[in-house]
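# model this:
(chains A and B)
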Protein chains: 2
Amino acid sequence: MSPAKTIKPTPAASQVAGLPLPATLYWDGEAVMILDQRLLPGKTLYMACRDMRQVIYCIKTLAVRGAPAIGVAAAMGISLAAEGLSAKTPAAFRRQLKAKIETMRKARPTAVNLGWACDRILALVALAPGDIETMRRMIRRTSQLMLDEDIAVNQAIGQNGAKLIRKKKATVLTHCNAGSLATGGYGTALAPVWAAVQAGKQIAVIADETRPLLQGARLTAWECVAMGVPVRVAVDSAVGVIMSRGMVDLVIVGADRIAANGDVANKVGTFNVALQAARHGVPFYVAAPLSTVDLDTISGKDIPIEERDPGEVTAFGTCRVAARGAGALNFAFDVTPADLVSAIITEKGVLRPPYGESLAKAKALAKK
Amino acid sequence: MSPAKTIKPTPAASQVAGLPLPATLYWDGEAVMILDQRLLPGKTLYMACRDMRQVIYCIKTLAVRGAPAIGVAAAMGISLAAEGLSAKTPAAFRRQLKAKIETMRKARPTAVNLGWACDRILALVALAPGDIETMRRMIRRTSQLMLDEDIAVNQAIGQNGAKLIRKKKATVLTHCNAGSLATGGYGTALAPVWAAVQAGKQIAVIADETRPLLQGARLTAWECVAMGVPVRVAVDSAVGVIMSRGMVDLVIVGADRIAANGDVANKVGTFNVALQAARHGVPFYVAAPLSTVDLDTISGKDIPIEERDPGEVTAFGTCRVAARGAGALNFAFDVTPADLVSAIITEKGVLRPPYGESLAKAKALAKK
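Below you'll find the predicted structure:
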């Protein structure tokens, strides 16, 4: 599986949703352009993906990451696959495409948005009347629509979440990156920060660095600097001492999957932040689109937790840090139990416990 | 302040307390030899310190770290200072030495063992009858005695703590390094592991990597490998997901200072581990010599928490990882509230709540 060619962005990609941040991914003619987030904050370069395998490579290697962004990337990747199919009849096309979609579905296990995007294209193709070219066009248009929808949904999350930031000056702690880069644009956990700042509030961010891949130090801090929002990075371990000093007004994190009971799978370490927030009486909010809510997953116990290469833990870049002979555990996510979640900020409003009810109701509303 | 010359260890330093681990520090003629732990696990090299400023340099830069080791290093450093004083009368000698001791006391703020060592030498000199040379000899002998005592105390901690590991096969999670390297030898948190292994039990260790300076990945993992104890490194964030899977039988950590009420200052992140242990019903033990218990500190609120160079967080080695323009918070310690501590393992036995009583009683016993 060879990576795509890396190129500089077109000028149109240098801002997204009206913010001075680069596009996470976009269509450029026949190529899916994916910002290679592994190179940030040092370099802003895009991978020009011309087939689905290249998109899967980007997803697996975390060149593109974040549940909403992965969902859009999957749809775009499937569109590339649809272009390349050799099928001569609509039935054969549907059959071949289905196989491609199942390959895409396995790229990463935890984020439900990937499966959600796959299901959406599957449903589209099942219902599509026309010929092969019509189906190809519909898939491509849908992938673009999912990108546009994601940005609009995130802006709504921003408006809904900003209301929870009641003070004129506030400090928000976040874990990992659930900013513009984790989505089609604008962000989920950081969306209320951007919206509050645009509404004239003074917001400072504390960004957990988020080992092993440092999405907080590299990406969240970078977005904040670009947005002119004061940001301080801390090691993931410091959340207890920071909260015990009263330095945090509220926590907002993203989610990779929310179970029907409100348990939240998110980047490993989120559970610690939630426990400390509960201990210190700090509100702990999860910001996510309803596409991240999976009513078919009963509780956190049913969410598959990805285990990644131990080398991400034992080495830092190319430098081995752990003693030779030592093994490593590398769970990429954890599950924060619903009892620790103060509220879930969605595009349809702020959901409160009991989540069994509020999530089901919001999902039903979203379907209308 | 120039660092001391770096040299290879003498053969006698290649094992300590009967374990296949290098000496943390030792007297070699007129030099205090300090293992430069910043170079581990890559290189085993010692700094040959010939004056107190070089020892302070080692303490400040974490070439030597860990509360008990810092205590012994301080005593040895003061002995070097005593050698170098120009005083011609015992009174002038005491006055000059006192100034040196107060400089040493300020090297690092959180670990109480540093102040404890300073007070011990002060008391010795106040009571000493003789001439300057006698005082010099007494200080030097006391510094060696403190090293020997520390190792003996740690072996007792090991015996007392091993009784808490009831299963034949068990997994111990630890944070940072409270092994042989953090002490004069043998260790505190790892002492029960070594004692249990020597008693024929099968113990595996999960070592939190311990950002920002990775003492877990670099030092704890290295000690375990040298001791033939299976060890897996995990990011500090992973403690929640690891415990939720039932992978940990007990936690043992060290301490930099224990307040009279049982609140425990230890490496930043310990508080998270304790909260997760309580959430999952995993015993959370603190192993420390009684010299780490400070009855003059009423509660954790009264413990000064060292803030170190933000560059330790924003960079990794020589490579900047955080986005430019981002600040950083770098608290080196946190305070775990006493209610989360299942027991404190000391050389005088295993202390249980209420700690106000049990700590005072054990300290009184130790004075006899």
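# State the pLDDT value of the residue nearest the centre of chain A.
Nearest to the mean C-alpha position of chain A, by C-alpha atoms, centre = their mean, lies A:Gly66 at 2.3 Å. pLDDT, A:Gly66: 96.
# Spatially nearest residue to it, not counting backbone neighbours?
Using C-beta to C-beta, 6 or more residues apart in numbering or on different chains and skipping the chain neighbours, the partner closest in space to A:Gly66 is A:Ala182 (2.4 Å). (Glycine included, C-beta is placed from N, CA and C.)
# How about A:Thr134?
Here the residue nearest A:Thr134, using C-beta to C-beta, 6+ apart, is A:Ala128, at 6.7 Å.
# can you check A:Met135 too?
In space, and not counting its chain neighbours, A:Met135 is closest to A:Ala128: 4.9 Å by C-beta to C-beta, 6+ apart.
# Give me the phi and psi for the one you found.
A:Ala128 adopts backbone torsions of phi -60, psi 130, taken as degrees, to the nearest 10.
# Can you give me the neighbour number for it?
Neighbour count for A:Ala128, taken as other C-beta atoms under 10 Å in any protein chain shown: 18.
# From what I see, it and A:Met138 are in contact.
Yes. Shown here, A:Ala128 and A:Met138 form a contact pair, counting by C-beta atoms under 8 Å, at 5.7 Å.
# If we go by neighbour counts, what in stretch A:71-87 is buried?
Buried positions in stretch A:71-87, judged by neighbour count with 16 or more other C-beta atoms under 10 Å in any protein chain shown: A:71-82, A:85.
# Just give me how far it sits from the chain centre.
Here stretch A:71-87 is found 20 Å from its chain centre; the criterion is C-alpha atoms, centre = their mean, to the nearest Å.
# now stretch A:343-352: how far from the chain's centre is it?
Computed by C-alpha atoms, centre = their mean, the chain-centroid distance of stretch A:343-352 equals 17 Å.
# and if you look at stretch A:319-333?
In terms of C-alpha atoms, centre = their mean, the centre of stretch A:319-333 is found 25 Å from the chain centre.
# Quick check: end-to-end length of that stretch?
Start-to-end span of stretch A:319-333 (C-alpha to C-alpha, to the nearest Å) is 24 Å.
# wait, doesn't the residue nearest to A:Gly66 sit right on A:Ala69?
Yes. If you go by C-beta under 8 Å, A:Ala182 and A:Ala69 touch, sitting 5.5 Å apart.
# what do the two both touch?
Common contacts of A:Ala182 and A:Ala69 (C-beta atoms under 8 Å, 6 or more residues apart in numbering or on different chains): A:Thr24.
# who's more crowded, those two?
Between A:Ala182 and A:Ala69, A:Ala182 has the larger neighbour count (other C-beta under 10 Å), namely 30 against 26.
# how about the more buried one, what does it touch?
Going by C-beta under 8 Å, 6+ apart, A:Ala182 touches A:24, A:65-69, A:176, A:188, A:219, A:254.
# Name the nearest residue to A:Thr174, sequence neighbours excluded.
A:Ala189 (5.1 Å).
# Actually, A:Asp263.
A:Gly300 is the one closest to A:Asp263 (C-beta to C-beta, 6+ apart), at 3.1 Å.
# Report whether the expected contact of the one you found with A:Ala265 is present.
Yes. Counting by C-beta under 8 Å, A:Ala265 is a contact partner of A:Gly300 at 6.5 Å.
# tell me, what's touching these two both at once?
With C-beta under 8 Å, 6+ apart, A:Gly300 and A:Ala265 have common neighbours A:259, A:335-336.
# Just the ones of these in strands?
Secondary structure from DSSP state E places A:259, A:335-336 of these in strands.
# how about the helices in the stretch 1-150 of chain A?
Remark: helices assigned in the stretch 1-150 of chain A by DSSP state H, counting those that start in this stretch are A:52-60, A:67-84, A:90-105, A:112-127, A:132-162.
# ugh, wrong one, I meant the stretch 201-350 of chain A
Under DSSP H, counting those that start in this stretch, the stretch 201-350 of chain A gives helices at A:215, A:221-227, A:239-244, A:270-280, A:311-314.
# how much space is there between A:Met104 and A:Arg53?
10 Å (C-beta to C-beta, to the nearest Å).
# How confident was the prediction at the closest residue to A:Met33 other than its chain neighbours?
The spatially closest residue to A:Met33, leaving aside those adjacent along the chain, is A:Tyr46, at 4.5 Å (C-beta to C-beta, 6+ apart). On pLDDT, A:Tyr46 comes in at 95.
# Distance check, A:Tyr46 against A:Tyr186.
A:Tyr46 is 19 Å from A:Tyr186, by C-beta to C-beta.
# Let me know the pLDDT of the closest residue to chain B within the stretch 251-368 of chain A.
Relative to chain B, the nearest point of the stretch 251-368 of chain A is A:Gly269 (2.8 Å; C-beta to the nearest C-beta). Model confidence at A:Gly269, given as pLDDT, is 98.
# How about A:Ala123?
For A:Ala123, the predicted pLDDT is 96.
# how deep is it tucked in, by neighbour count?
10.
# Next, the contact list for it, please.
Under the criterion of C-beta under 8 Å, 6+ apart, A:Ala123 has no contact partners.
# who's in contact with the residue in the stretch 1-150 of chain A positioned nearest to chain B?
Relative to chain B, the nearest point of the stretch 1-150 of chain A is A:Pro41 (4.1 Å; C-beta to the nearest C-beta). Under the criterion of C-beta under 8 Å, 6+ apart, the neighbours of A:Pro41 are A:218-219, A:221-222, B:322-324.
# of those residues, closest to B:Gly349?
B:Ala322 (45.3 Å; C-beta to C-beta).
# quick one: the closest one from A:Pro41, how far?
In terms of C-beta to C-beta, B:Ala322 sits 8 Å off from A:Pro41.
# ok, now which ones touch the nearest residue to A:Gly356 once chain neighbours are set aside?
Residue nearest to A:Gly356 in three dimensions, not counting chain neighbours: A:Asn261, with 5.6 Å by C-beta to C-beta, 6+ apart. By C-beta under 8 Å, 6+ apart, A:Asn261 lies in contact with A:298-300, A:338, A:355-356.
# repeat that with 10 Å
A:295, A:297-302, A:337-339, A:353-356, A:359 (C-beta atoms under 10 Å, 6 or more residues apart in numbering or on different chains).
# What subset of these is buried?
A:297, A:300, A:302, A:337-338, A:355-356, A:359.
# got a markdown table for these, with pLDDT too?
A markdown table is the format used below for the buried ones among the contacts of A:Asn261 (pLDDT from 0 to 100):
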| residue | pLDDT |
| --- | --- |
| A:Thr297 | 97 |
| A:Gly300 | 97 |
| A:Asp302 | 96 |
| A:Pro337 | 98 |
| A:Ala338 | 98 |
| A:Tyr355 | 98 |
| A:Gly356 | 97 |
| A:Leu359 | 98 |
